[in-house]
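Colleague: A predicted structure for the sequence below; I have some questions about it.
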Amino acid sequence: MKYNLPMPSLGADMDEGKLMEWKIKVGDTVKKNQTIAQVETTKSVVEIESFRDGIVMDILGKIGDVIKVGTPIAVLDTKGDEILDKTTVVSPAPTPVTTTLRFKISPAAKKMAEENHIDLSKISGSGTGGEITLKDIEEKLKTKTEKAYFGVNLREAISAIMAKSKKEIPHYYLKKRIHLDTLMSWIDEKNKTLAPTERLLLPAVLMRAVIISLNKFPDLNGYYKKEKFEALGIVNLGIAFAIKGGGVMVPAVIEADKMTTSLFNKAVQDLAERTKEGGLKNRELTEGTMTVTNVGDLGSDEVFGIIFPPQVAIVGLGRIRKEAIIDKGDQLKAGFVIDVTLSADHRVSDGLMGARFLSEIDKNLNDPKSLE
Amino acid sequence: MKITYREALREGLKESLKTFQNSFLIGEDVGAYGGTYAVSKDLLNELGSDKIIDAPLSENGFTGLGIGAAMGGMKPIVEIMTVNFIFLALDQIINSAALIKFMSGNKLSVPVVFRMTTGGGRQLAAQHSNSFEGWLAHIPGLKILTPSCIEDARYMLVYAMKENNPIIIMEHALLFNQSGEYRENISDFNLYKANIVKEGSDLTLITYGGMLPRCLKACEEMQKKGKSVELIDLRSLRPLDSETIFASLKKTHRVLIVDEGWKSGSLSAEISARIMESSFYDLDAPVMRLCRKEIPIPYARNLENFIIPQCEDIVLKLEEMLK
Amino acid sequence: MNNEDVKTYFRESFHQIAPEIVFDKINLDLPLRDQVEIDSLDFYNIIVSFQKKTGIYIPDSKLAELSNLSELIDYILKSQNSKA
């Protein structure tokens, strides 16, 4: 039966998406979750997947079209799936909105705007006939402090999401200093025996401890939506990556809890690569269940993250460093430590649980066998 | 050393006639009278009648004679009194001088130089005020040079004499009494490279020949108003040094072309088209042109000044473009 | 292997992993991340690339302790000498 495949929503703040590339053509057989197109949203360029099995009957969206969420972009023959067909008949199909806006702009200004991903609709021209000139673009560039990410103003996206989070979510914050001497010796020995390409990344091992610890604390792993918390059975671990030139992206390793340390290690590297080069999938951008931010990377000792809604917790990993510690015999010595923090949603969990969660991470990090 | 444009032309002419053994000057009134514009004054006495040949009023005849002599191994300089009389000799200049190299399969060359004055501005009315530099630059096989400064007046002919193909040097009548300096020993003289007369950053003003002094003055006026205009003297209209124009445009993003010729089917149109083809994305404003108005030149001074771009017109246009 | 050899390997590894960074412009005596935009994953990849080229293994505990490339190079040279 005919199924109108809609432009999916790739996030709460997404109203429309720009079709960048089709990966299917009329007559192709597609499977559910198969990548069918690339779409640029206000956040990123993502690959969208089919919701159904079927045969492509028609392609409605053209490359470059900006299409509202919910508008059909392709038609599938889903073979006898009558119920689905009914639902699509009930909802009237809005017509695709295409970008036909033309701006009065000089060629040089247009080129510069394109190179710098500047939205022309937000610029008023200062030319003698109201046209946009180089001067206008240069001024806009001056005020634009952050670089855009794949044509998207990342700064604007971050500011919208973080402001919403801080406004709506009652955060509580905890910190625990964890001794890492045991873990460091373990990883030194482990990596010595591994081939260079198999080498375990220290941040990936720390994240792995977070994932294992989450198993016992379902109230930190899930979504708070419509005044209700929903714990999730899987851990899609969001990882905050700094983008060169400014901004942060938080793609997730999907089903990270099902992975071995070695697999997870590779998944983190792959995710980092695709965050830089493009090619993140929509699931990875929207289905994170809890986030880790690794500011130790940047040289800070501790970080209290802002929760990425609708998630309910974020773990901060500080800089691994040597500090004066007191060992079991009350002796002062130099040892590796890390400050691990938790920012969590007080509507869902309390400090006591949060503290236990951090202790669980401590326990796991000091029992590296649990991380194997 | 400070000399006039006219004296510089005479120096260049003298040097050319002395240096090149097979050279001679032919034209109307070039000998006993000393040239209509006094460029060849006293040269008949100094160099003799083998070198300086007075021709009757017969443009097609003596132009053809010069072209024939060039084919036969001489190095003639043909002076046509003004560009307005070139029509009488166009068959010779186009079909023989410009095209014979192609027609003969490269067996014949025509190493001739044509000199002539050009331009309006002296109350000589429609028939004697033409500005056909761009018109002649339309023809493949010809090279068109327009000396606008003392140094070019002094050396362009000398260097043109070294070439093996027909060259037309067009001297604007209003420039003859300009005076200035030139360098005695030059090693970097290039006939076909445009000259950046004044560097600037806000707009590129492209001109050549007779319009140059007033354009320079307009640039100085703009400087006082805080606008920095880059002034390009094309020097050679064919070949046209597009690269210098494009490079300047990369910096300024705005262009005004000032040309004494008419707009329609003109050199200014050609320059504008080349900019569109090659540098469209460097433009921050449409290419603008200031040219003679599309009517024949009137005799009355006020009307003539109205038709041909004046310094004030250029300043006004620049102000409008750099508002 | 001498100081220059180690630098040459690092120069190559930096070029492979983070070509936008000009190795010779880095002040080896200052913390690396204060000078160039490089995240820990890129830095690990450089260490891995160095290990592939030279077979020299630099343990994580050392990486965590050392504060600049000079110290890292000194460590590498010292560990090589003690082996020899």
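Modeller: The structure has been received and is ready for your questions.
Colleague: Touching, A:Glu198 and A:Gln269? I think so.
Modeller: No - in this structure, A:Glu198 is not within contact of A:Gln269 by C-beta atoms under 8 Å, at 11.0 Å. Where you see a C-beta, it was placed from the backbone N, CA and C, and this is true even at glycine.
Colleague: more crowded one of the two?
Modeller: Each of A:Glu198 and A:Gln269 has its neighbours counted (other C-beta atoms under 10 Å in any protein chain shown); A:Gln269 has more, 17 against 13.
Colleague: List the contacts of the more buried one.
Modeller: A:Gln269 sits next to A:201, A:204, C:41 when contact means C-beta atoms under 8 Å, 6 or more residues apart in numbering or on different chains.
Colleague: nearest to chain B, of those residues?
Modeller: Nearest to chain B among the contacts of A:Gln269: C:Leu41, at 37.4 Å, using C-beta to the nearest C-beta.
Colleague: The closest one: neighbour count?
Modeller: 23.
Colleague: For B:Leu191, see how far away it is.
Modeller: According to C-beta to C-beta, to the nearest Å, C:Leu41 and B:Leu191 sit 60 Å apart.
Colleague: go on, A:Thr289?
Modeller: As judged by C-beta to C-beta, A:Thr289 and B:Leu191 stand 75 Å apart.
Colleague: same check, this time on B:Leu145
Modeller: B:Leu145 sits 6 Å away from B:Leu191, taking C-beta to C-beta as the criterion.
Colleague: which one of those two has more residues nearby?
Modeller: Applying other C-beta under 10 Å to B:Leu145 and B:Leu191 shows that B:Leu145 carries more neighbours, namely 26 against 18.
Colleague: what sits opposite the more buried one in the beta ladder?
Modeller: Note on B:Leu145: beta-bridge partners B:Ile169, B:Ser236, judged by DSSP bridges.
Colleague: Average pLDDT for stretch B:52-70, rounded please.
Modeller: In this model, stretch B:52-70 has an average pLDDT of 97.
Colleague: what's the pLDDT at the residue of chain C found nearest chain B?
Modeller: Chain B sits closest to C:Glu20 of chain C, with a gap of 24.9 Å, by C-beta to the nearest C-beta. Looking at C:Glu20, its pLDDT reads 78.
Colleague: and if you look at A:Glu40?
Modeller: For A:Glu40, the pLDDT comes out at 79.
Colleague: From A:Ile123, how far off is it?
Modeller: Counting by C-beta to C-beta, the gap from A:Glu40 to A:Ile123 is 20 Å.
Colleague: Where does the residue of chain C closest to chain B sit, in terms of helix or strand?
Modeller: Take DSSP states H and E as the rule and C:Glu20 turns out to sit in neither a helix nor a strand.
Colleague: That one: neighbour count?
Modeller: Quick note: C:Glu20 (other C-beta under 10 Å) scores 10 neighbours.
Colleague: got the phi/psi numbers for it?
Modeller: The phi and psi values for C:Glu20, taken as degrees, to the nearest 10, are phi -80, psi -10.
Colleague: And B:Asp188, by the same measure?
Modeller: B:Asp188 adopts backbone torsions of phi -110, psi 30, taken as degrees, to the nearest 10.
Colleague: so what pLDDT did it get?
Modeller: Per-residue confidence (pLDDT) for B:Asp188: 87.
Colleague: Restricted to helices, list the contacts of A:Gln269.
Modeller: Per DSSP state H, helices hold the following members of the contacts of A:Gln269: A:204, C:41.
Colleague: Adding pLDDT and distance to C:Tyr57, write the contacts of A:Gln269 out as TSV.
Modeller: Putting these into TSV (pLDDT from 0 to 100; distance: C-beta to C-beta, whole Å) gives the following:
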residue	pLDDT	distance to C:Tyr57
A:Leu201	90	15
A:Ala204	92	18
C:Leu41	80	18
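Colleague: Near chain B, which residues of chain A are found?
Modeller: A:106-111, A:127-128, A:133-135 (C-beta under 8 Å from any C-beta of the partner chain).
Colleague: try 6 Å this time
Modeller: Applying C-beta under 6 Å from any C-beta of the partner chain, one finds that chain A approaches chain B through A:106-108, A:111, A:128, A:133-134.
Colleague: what ranges do the helices span in the stretch 151-300 of chain A?
Modeller: Taking DSSP state H, counting those that start in this stretch as the test, the helices found in the stretch 151-300 of chain A are A:154-168, A:181-193, A:202-214, A:261-277, A:282-286.
Colleague: ugh, wrong one, I meant the stretch 151-300 of chain B
Modeller: B:212-224, B:242-252, B:267-279.
Colleague: ok, now chain C?
Modeller: C:3-17, C:40-54, C:60-65, C:69-83.
Colleague: pLDDT-wise, which helix or strand of chain A ranks last?
Modeller: In chain A, no helix or strand scores lower on mean pLDDT, DSSP states H and E than helix A:82-90, which sits at a mean of 41.
Colleague: next SSE after that helix?
Modeller: Per DSSP H and E, the first helix or strand lying C-terminal to helix A:82-90 is helix A:107-115.
Colleague: Skip the chain neighbours and tell me the closest residue to the closest residue to chain C within chain B.
Modeller: Residue nearest to chain C within chain B: B:Lys250 (24.9 Å; C-beta to the nearest C-beta). Leaving aside its sequence neighbours, B:Lys250 sits nearest to B:Asp282 (C-beta to C-beta, 6 or more residues apart in numbering or on different chains; 5.3 Å).
Colleague: A:Thr133 versus the one you found, what's the distance?
Modeller: On the measure of C-beta to C-beta, B:Asp282 and A:Thr133 end up 13 Å apart.
Colleague: And A:Glu323, by the same measure?
Modeller: 57 Å.
Colleague: These two: which is more packed in?
Modeller: Using other C-beta under 10 Å as the criterion, A:Glu323 and A:Thr133 rank with A:Thr133 on top: 21 against 13.
Colleague: wait, that one sits on A:Ser106?
Modeller: Yes - with contact defined as C-beta atoms under 6 Å, A:Thr133 counts as touching A:Ser106 (5.3 Å).
Colleague: residues shared between the contacts of those two?
Modeller: Taking C-beta atoms under 6 Å, 6 or more residues apart in numbering or on different chains as the criterion, A:Thr133 and A:Ser106 both touch B:Asp284.
Colleague: residues in contact with the residue nearest to A:Ala108 when sequence neighbours are not counted?
Modeller: Distances taken as C-beta to C-beta, 6+ apart place B:Asp284 nearest to A:Ala108, at 4.4 Å, with adjacent residues excluded. Residues near B:Asp284 by C-beta under 6 Å, 6+ apart: A:106, A:108, A:133-134, B:253-254.
Colleague: Narrow these to those that are buried.
Modeller: Neighbour-count burial (16 or more other C-beta atoms under 10 Å in any protein chain shown) is assigned, among those, to A:106, A:108, A:133-134, B:253-254.
Colleague: Which residue is the nearest non-sequential neighbour of C:Asp24?
Modeller: Of all residues not flanking C:Asp24 in the chain, C:Arg11 sits nearest, at 7.2 Å (C-beta to C-beta, 6+ apart).
Colleague: now swap in A:Ala334 and tell me
Modeller: Counting by C-beta to C-beta, 6+ apart, the nearest residue to A:Ala334 once its immediate chain neighbours are dropped is A:Lys322, at 4.9 Å.
Colleague: Assumed that neighbour was part of a strand.
Modeller: Yes - applying DSSP: H, G, I helix; E, B strand; the rest coil, one finds A:Lys322 inside a strand.
Colleague: partner residues bridging it?
Modeller: Under DSSP bridges, the beta-bridge partners of A:Lys322 are A:Phe336.
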